[in-house]
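In: Can you look at this prediction? I've put the sequence above it.
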Amino acid sequence: MAVSMCSPSISNRNKPKSKSRFPASRSNAERSRWHSHLSRATLAFCLALQFAAPASADDPWNPFAERDRRTGSARQPRTPQPDTSAPGEYLAPMTPNARAADPGILPGGTPYGASPASPYDSRPGTYQPPDPTGRWGGAPGAGAAATPVIERGELSPVMRDTGQPPPRTAPQPSPITPPPNTGDTAPSAPALSGAWAGLDASTAEQLLAPLRLPPASPAMSDLLARFLIAPLADPRLELVRTATLWRSGVALSQPPSANLADAATGSDGSAVLATLLLTKIDLAAGRDQDACARIKTAVSDNPDAMPASLRGEAVVIAGYCAIAAGKPEAGALAAQLARDSGDNRPFTLALLEAITAGGQPGVPLTHRTSLIDGLLTFRLKDLDPAILKQVISNADPGLLGFLAGNSRLPGHLALLAAERAATRNVISPARLAEIYRTKGQSTGPATSDRDASPAAERAALFVAAERNPAQFQKTRDIRALLDSALRDRLYHPVAVALTPIVAAIPPAQEISWFSETAIEALAAGGDYQTARKWVEFARPFTQGAGNLDHWHLLLDIGDAGLPPGERGRGFQALEVVMARGRFDAVALHRLVTVLDALDYNVPIPIWNLASRTEQPQTGHLPETGILSALKKTSENGQPLATTLFALRTLASEGTSATHLLGLGEAIRALKRAGLESDARRLAFEALFADWPRTVGR
């Protein structure tokens, strides 16, 4: 009865209606008053039943109690355990199995505690993004089941607004399919062993076509170059490999492989492409006779077989060959033929016509300049240095590799080309050091071109730092060179070029101010062991806010050769730095992302500090399917395919413009594919620019 009275869910609609207990003579007021008293009595009775139960405020309502009583296995309430963790205690590594079992493993509801170990569900075709706020399942860390599963499918391409109505149906992009695992490689195998296994020419072209080459990341640029060193037996793959090297600006001083020559013997479009590529390689290496004989055959023997998109370029190269043979009048004819063939490079055609007329091109430079533009510029009569500087400033990687340190350039322009090539990762820092060494001896800081003088000053400072026997003056020259390089966005290649010089300087009290500069240069160049010596040396001279012990952690991240038992140094010093506010929110979340990707035991205070700020959601994310393909190829042990998908994941501007999700997945994938050294270099690179320096720096 009590239940039927107190529960609104139970209805008496099946009972027959009874007559009223009130006589008809009773007034309506009396009936209303009686119902009011009855309602109050019923409410009091229900409340008495509720509070008569043997429950307390500390015992939460358990909807499974009745089921447990029926089964005779009532659950015992869990007793909260006191937190006995000491300050600075480390969490266990966040392995995928641990995360799948307990997504709330991280304390404090951090942005990382709610996310699964990987943004991939065990089911194919699904993607689970990290939940930084917990808004999809209650509090952060509430469990993996609370995270919604998002269906992954190919999206229609976003079309540029051209002012015209959109088409009725948008074409679907071709899906990104990872290459099959042939079983030739494994994650523990050497990185270059069977690297191209499972990749055919069309897949490699599809992955390489959208990439900026060379990559903006020095770590990824070096990694890709290692895969492209050795020739390949497949002529089509060899064409892809060599074309990638050319797009990267690699100077090919050796004759091309026989397989590439075989690719040029066919009659299809790829054969014409191989012919043009061989011709440009020969021209860059100074083998003009071989190059011109090849292009003459391609243009004259079977011109109809040449694709229209390549015909104009072939005519321009043939025109250059005629000019180089002593026929400048051929320039104007070649320009007209190239224009009729659809060549739309006005500056290039103006160069051909200017050589015939004996003047200067009258058309402004509005496009990227290539190798043929540089070669034609050198053929101008009374070459204007201003035009040459414009050509260098707009040069593509192939032309930069040709011009860097070129003896035909004036000293300050050769240095300008070399620095631009080093900034674009076209030449190595060691090559930049050679050019500094050569040009710095003959070119003083004062030049006729005021804009080029910083390059000449840097070359002079490099030579002085290398030759000066006095440590105090040597360190001042190094610091001045790095400051100048930082202003012109040359810091990384210059710091790496200086690494051998800095490594030869023994720590001394009179140059203790130089300690952090030495650590930076040595770390950038990968000499982590010598950098650690400077950190230890600087401790007595850098107390309080100027302590440099937090550099131990960054050196730890970059050093793949450090024994596992020695990892984790620098966390306590880093916590002190963070407590002083010397880590902004973006840098802090990037640090946590990198540490998590490398399976570090991250201290609880760092997680808690990161959880107080919102995780950044800006940066480049790859198109649909890239992240899943990246994960699959890394699990299959395919290092080259993993590298290409990682390059598609990273922003073309580098790690600083990459979304944290993509950055973490790229590092994990490289490490999983057996490329831990490269994964650590990429992680170091992502943190180096924003790593806290001492006050006043």
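Out: Received the coordinates, thanks.
In: and the residue nearest to residue 280 when sequence neighbours are not counted, what is it in contact with?
Out: Ranked by Cβ to Cβ, 6 or more residues apart in numbering and with sequence neighbours excluded, the top spatial neighbour of residue 280 is residue 371, at 5.6 Å. Placement of C-beta: from N, CA and C, glycine included. Neighbour list for residue 371: 280, 283-284, 398-399, 402 [criterion: Cβ atoms under 8 Å, 6 or more residues apart in numbering].
In: Buried residues in stretch 615-624, which are they?
Out: Burial within stretch 615-624, assessed by neighbour count using 16 or more other Cβ atoms under 10 Å, is assigned to 615-616, 619-622.
In: Could you do stretch 646-656 as well?
Out: Within stretch 646-656, the residues scored as buried using 16+ other Cβ under 10 Å are 646-652, 654-656.
In: now, which of these lie within strands?
Out: When strands are assigned by DSSP state E, not one member of the buried residues of stretch 646-656 lies inside them.
In: which two in those residues are spaced the farthest apart?
Out: 648 and 656 (17.4 Å; Cβ to Cβ).
In: hang on, the earlier thing: when you check the contacts of residue 371 against the strands, which ones overlap?
Out: Those of those lying in strands (DSSP E): none at all.
In: Pick out the most distant pair among those residues.
Out: Pairwise over the contacts of residue 371, using Cβ to Cβ, the maximum falls at 283 and 399, 11.3 Å.
In: Tell me which of these two has more neighbours.
Out: residue 399 (26 against 23; other Cβ atoms under 10 Å).
In: Quick check: the residue nearest to residue 280 vs residue 281, distance?
Out: Computed as Cβ to Cβ, to the nearest Å, the residue 371 to residue 281 distance reads 10 Å.
In: what do you get for residue 372?
Out: 13 Å.
In: out of these two, which sits in the busier spot?
Out: More neighbours surround residue 281 than the other of residue 372 and residue 281, with 25 against 22 (other Cβ under 10 Å).
In: I figured residue 663 was touching residue 657, is that so?
Out: No. Because the distance of 10.0 Å does not satisfy Cβ atoms under 8 Å, residue 663 is recorded as not touching residue 657.
In: Can you work out which residues contact both of those two?
Out: Overlap of the contact sets of residue 663 and residue 657 (by Cβ under 8 Å, 6+ apart) consists of residue 619.
In: any low-confidence regions in the stretch 451-600 of the chain?
Out: Along the stretch 451-600 of the chain, the parts satisfying pLDDT under 70 run over 451-452, 542-546.
In: all helices of it, in order?
Out: Listed in chain order, the helices found in the stretch 451-600 of the chain under DSSP state H, counting those that start in this stretch are 453-467, 471-487, 491-503, 515-524, 528-538, 551-558, 571-579, 585-597.
In: Which residues outside the third one are in contact with it?
Out: By Cβ under 8 Å, 6+ apart, the list of residues contacting helix 491-503 from outside reads 218, 419, 422-423, 429-430, 432-433, 436, 458, 462, 465-466, 474, 478, 481-482, 485, 517-518, 520-522, 524-527, 530.
In: Give me the buried subset of those residues.
Out: 218, 419, 422-423, 429, 432-433, 436, 458, 462, 465-466, 474, 478, 481-482, 485, 517-518, 520-522, 524-527, 530.
In: Which pLDDT value belongs to residue 133?
Out: At residue 133, the predicted lDDT confidence score is 36.
In: separation between the spatially closest residue to residue 465 that is not a sequence neighbour and residue 457?
Out: Excluding its sequence neighbours, the residue lying closest to residue 465 (Cβ to Cβ, 6+ apart) is residue 477, at 4.1 Å. According to Cβ to Cβ, residue 477 stands 11 Å off from residue 457.
In: picking that back up, distance to residue 394 added to the helices of the stretch 451-600 of the chain, as JSON lines?
Out: Shown next, in JSON lines, are the helices of the stretch 451-600 of the chain (distance: least, Cβ to Cβ, whole Å):
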{"stretch": "helix 453-467", "distance to residue 394": "17"}
{"stretch": "helix 471-487", "distance to residue 394": "22"}
{"stretch": "helix 491-503", "distance to residue 394": "20"}
{"stretch": "helix 515-524", "distance to residue 394": "29"}
{"stretch": "helix 528-538", "distance to residue 394": "38"}
{"stretch": "helix 551-558", "distance to residue 394": "35"}
{"stretch": "helix 571-579", "distance to residue 394": "42"}
{"stretch": "helix 585-597", "distance to residue 394": "33"}
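In: Out of the ones you listed, which one sits most buried?
Out: Counting by mean count of other Cβ atoms under 10 Å, helix 515-524 has the highest mean neighbour count of those, with a mean of 25.
In: C-alpha coordinates for the helix or strand harbouring residue 278, PDB please?
Out: Applying DSSP states H and E as the criterion places residue 278 in helix 269-284. Taking Å, rounded to 0.1, in the frame of the first residue of the first chain, the C-alpha atoms of helix 269-284 are listed here in PDB:
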ATOM      1  CA  GLY A 269      55.500  10.000 -71.100                       C
ATOM      2  CA  SER A 270      57.700   8.600 -68.300                       C
ATOM      3  CA  ALA A 271      60.500   8.000 -70.800                       C
ATOM      4  CA  VAL A 272      60.400  11.700 -71.900                       C
ATOM      5  CA  LEU A 273      60.400  12.700 -68.200                       C
ATOM      6  CA  ALA A 274      63.400  10.500 -67.600                       C
ATOM      7  CA  THR A 275      65.100  12.100 -70.600                       C
ATOM      8  CA  LEU A 276      64.600  15.600 -69.300                       C
ATOM      9  CA  LEU A 277      65.700  14.600 -65.800                       C
ATOM     10  CA  LEU A 278      68.900  13.100 -67.200                       C
ATOM     11  CA  THR A 279      69.500  16.200 -69.300                       C
ATOM     12  CA  LYS A 280      69.200  18.500 -66.200                       C
ATOM     13  CA  ILE A 281      71.400  16.300 -64.200                       C
ATOM     14  CA  ASP A 282      74.100  16.500 -66.800                       C
ATOM     15  CA  LEU A 283      73.800  20.200 -67.200                       C
ATOM     16  CA  ALA A 284      74.100  20.700 -63.400                       C
END
